[in-house]
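S.K.: Predicted model and sequence follow; I will ask about them next.
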Amino acid sequence: MGSARIVVIGTGYVGLTTGACLAGLGHQVTCVDVDRVKVARLAAGQVDILEPGLEELVSRGLSSRRLNFVVGSREAVADAQAVFLCVPTPMGAGGAADLRAVEAVIEEISGTVPAGCAVITKSTVPVGTAQRIRALLGRGDVPVVANPEFLREGTAVSDFLNPDRIVVGSEDELAARRVADLYADLAAPSVVTDAASAELVKYAANCFLAMKLSYVNAIAELCERLGADIESVTDGMGYDRRIGRAFLKPGPGWGGSCLPKDTHALVQVAESVGFDFSLLSSAIQENIAQRDRIVAKIAGSVGGTLAGTRIGVLGLAFKAGTNDLRDSPALSVTAMLAAHGAEVTAYDPAVDGDLPGMRIMDDPYQVAKGADGIVVLTEWDEFRRLDWTYFADLMHGDAVVDTRNLLDPQAILNAGLCWLGLGRPRRHARATA
Ligand code: UDX
């Protein structure tokens, strides 16, 4: 398509990344949002999302005039060749995706979108949405294309610019190919298919990743009970090319804005067509059980009961590299700690301000003061460089529970503390001293 006139509706992390990256690829992009304040900030180059490379891309787009921000999609789409829908599709009642934002946009643009312009779903939408949009649009001359994103928070720009694949699906194959052409410079393989298959690829991929993680967390639990070491087990598994090394790290559970939402939605979709997707439901249950096991592990590390203890938490974001707290396992764990009577203080390099039930500190050493135990819940690199001797001086107890297997156990033992990882043999300072 060469350089195309593109409108991106919704400037959340998917929309803004899509808009800024497409402008970076040489397209003429208009990003639309209903939030006037946000649009004004973005038009001035102010990006509020913590996403490496995004602010630079936005500012380059603005100065090259290939990227602009406006309020109101009705006028914006009038001369577009492609319109990307990147509005939120939150989890609605019963786990199904709530499509009200998508429907509102369709209603707004249905009269002004020009003939031949592709309307593209980018946000994760339930299977059948493209078809529903076609019906809502009521425009036989406007093709609808599903083009799911596979962007991870914290690496969204690099994921966009180095994709494993481009998935496009439509009943209008030519339109799907034109949308794939927008990414031609990225030299990634394209999967061109029907709309329902493209929509399902996204769920099938994300839910597979979630199941892989629940599986690894369960294997880590088995390692503890059987005296094996998860690091060696996953190392041995990862050499198998059919399995691969990615997504084999145990943790406090998977969270974030996508995996929890998408797993619930797919269970719901399956149910709606009379299929009991018990494999996936079990992965969700396992993810809840993982948080309970972490809390039990922390309790065990401070003498069996949490009431009256002081626990210092390192990391609140659902993973490193983001300030996103949505469905963060760290928040469930801290809430359970508090509910069991522990006094919780927390530090996260990307989170400030107070949260219910805990005090947020602005320095990691502050959470050590008088703590009976420390628990690492997010794998921030800077935690690897903490001074554990100083921690030991400040702490009241000696327990360090490392739910990301992030720290160097030896450094902790050398400081006279006890290290407890996930699926790994417990290591106690006194035993090695
Ligand atoms: C995910 C998908 O990866 C992405 O393709 C999709 O478009 C959006 O959802 P994201 O939500 O940013 O991306 O998080 P991701 O990096 O996939 O991590 C998900 C969760 O799994 C996090 O809680 C993370 O801590 C956890 N995780 C990941 C592990 O516990 N171990 C691992 O080995 C990998």
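M.R.: Ah, there it is.

S.K.: For the rest of this, base every contact and every neighbour count on C-alpha atoms.
M.R.: Fine.

S.K.: Contact partners for the nearest residue to Thr124 once chain neighbours are set aside?
M.R.: Closest residue to Thr124 apart from its sequence neighbours, by C-alpha to C-alpha, 6 or more residues apart in numbering: Pro148 at 6.3 Å. The contact partners of Pro148, by C-alpha atoms under 8 Å, 6 or more residues apart in numbering, come to 121-124, 167-168, 198-199, 202.

S.K.: Cross these against helices and list the overlap.
M.R.: Here DSSP state H is the test, and these give 198-199, 202 as lying in helices.

S.K.: Serialize those residues to TSV and add fields for pLDDT and distance to Leu85.
M.R.: Shown next, in TSV, are those (pLDDT from 0 to 100; distance: C-alpha to C-alpha, whole Å):
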residue	pLDDT	distance to Leu85
Ala198	98	15
Glu199	96	14
Lys202	96	15
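
S.K.: residues from the stretch 151-300 of the chain in reach of the ligand?
M.R.: 151-153, 206, 247-251, 253-259 (C-alpha under 6 Å from any ligand atom).

S.K.: From the residues you listed, list the buried ones, please.
M.R.: Buried subset of these (neighbour count, 16 or more other C-alpha atoms under 10 Å): 151-153, 206, 248-251, 253-259.

S.K.: As a check, name the ranges of all strands in the stretch 101-250 of the chain.
M.R.: Along the stretch 101-250 of the chain, the stretches classed as strands by DSSP state E, counting those that start in this stretch are 118-121, 144-146, 166-169, 190-193.

S.K.: Identify the residues contacting the shortest one?
M.R.: Contacting residues not belonging to strand 144-146 are listed as 118-122, 130-131, 133-134, 167-172, 175-176, 179, 195, 198-199 [C-alpha under 8 Å, 6+ apart].

S.K.: Would you write a PyMOL line that selects the buried entries of those residues?
M.R.: Listed next is the PyMOL selection for buried residues among those, using 16+ other C-alpha under 10 Å:
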select buried, resi 118+119+120+121+122+130+131+133+134+167+168+169+170+171+172+175+176+179+195+198+199
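
S.K.: Give me the below-cutoff pLDDT ranges for the stretch 301-433 of the chain.
M.R.: Residue ranges of the stretch 301-433 of the chain with pLDDT under 70: 429-433.

S.K.: could you redo the last one with a cut-off of 90?
M.R.: Within the stretch 301-433 of the chain, the segments meeting pLDDT under 90 span 322-324, 352-358, 425-433.

S.K.: With the flanking residues excluded, which residue is spatially nearest to the closest residue to the ligand within it?
M.R.: Taking C-alpha to the nearest ligand atom, the ligand has its nearest neighbour within the stretch 301-433 of the chain at Lys319, 4.2 Å off. Distances taken as C-alpha to C-alpha, 6+ apart place Thr378 nearest to Lys319, at 5.4 Å, with adjacent residues excluded.

S.K.: now do Tyr215
M.R.: Nearest to Tyr215 is Ala283, by C-alpha to C-alpha, 6+ apart, at 7.5 Å.

S.K.: So that neighbour versus Glu231, what's the distance?
M.R.: From Ala283 across to Glu231, the span is 21 Å (C-alpha to C-alpha, to the nearest Å).

S.K.: Ok, Phe383 next?
M.R.: Going from Phe383 to Glu231 by C-alpha to C-alpha gives 19 Å.

S.K.: likewise Leu266?
M.R.: Counting by C-alpha to C-alpha, the gap from Leu266 to Glu231 is 31 Å.

S.K.: Which one's more surrounded, these two?
M.R.: For Leu266 versus Glu231, neighbours defined as other C-alpha atoms under 10 Å are more numerous around Leu266 (24 against 18).

S.K.: and the more buried one, helix, strand or coil?
M.R.: helix (DSSP: H, G, I helix; E, B strand; the rest coil).

S.K.: burial of the nearest residue to it once chain neighbours are set aside, as a residue count?
M.R.: The shortest distance from Leu266 to any non-neighbouring residue, by C-alpha to C-alpha, 6+ apart, is to Tyr203 (6.7 Å). Under the neighbour criterion other C-alpha under 10 Å, Tyr203 is assigned a count of 23.

S.K.: can you check Leu377 too?
M.R.: By other C-alpha under 10 Å, 31 other residues sit near Leu377.

S.K.: looking at it, it is touching Asp402, isn't it?
M.R.: Yes - using C-alpha atoms under 8 Å, Leu377 is in contact with Asp402, at 7.2 Å.

S.K.: Doesn't Gly321 belong to a helix?
M.R.: No - Gly321 sits outside any helix when classified using three-state DSSP, being coil.

S.K.: What sits closest to it if chain neighbours are left out?
M.R.: Per C-alpha to C-alpha, 6+ apart, closest to Gly321 is Gly154, 5.1 Å.

S.K.: Report the contact partners of that neighbour.
M.R.: 50-52, 320-322.

S.K.: How about Met91?
M.R.: Met91 sits in contact with 97-98, 261, 265, where contact means C-alpha under 8 Å, 6+ apart.

S.K.: Let me know the pLDDT of it.
M.R.: In this prediction, Met91 carries a pLDDT score of 78.

S.K.: Likewise for the one 10 residues further on?
M.R.: As summarised for this prediction, Ala101 has a pLDDT of 94.

S.K.: Would you mind confirming that it is in contact with Cys86?
M.R.: No - assessed by C-alpha under 8 Å, Ala101 is found out of contact with Cys86, at 9.6 Å.

S.K.: which one of these two has more residues nearby?
M.R.: Shown here are Ala101 and Cys86; by other C-alpha under 10 Å, Cys86 has more neighbours (28 against 15).

S.K.: Would you quantify the distance from the more buried one to Ser123?
M.R.: Distance from Cys86 to Ser123, by C-alpha to C-alpha: 5 Å.

S.K.: joint contacts of these two?
M.R.: Residues touching both Cys86 and Ser123 by C-alpha under 8 Å, 6+ apart: Val14.

S.K.: who in the stretch 301-433 of the chain is up against the ligand?
M.R.: 318-319.

S.K.: Spell out the residue ranges of the strands in the stretch 301-433 of the chain.
M.R.: Under DSSP E, counting those that start in this stretch, the stretch 301-433 of the chain gives strands at 310-314, 343-347, 359-360, 373-376, 399-402, 418-420.

S.K.: Just the terminal-to-terminal distance for stretch 71-86.
M.R.: 14 Å.

S.K.: Report the buried residues of it.
M.R.: For stretch 71-86, by 16+ other C-alpha under 10 Å, it's 71-74, 76-78, 80-86.
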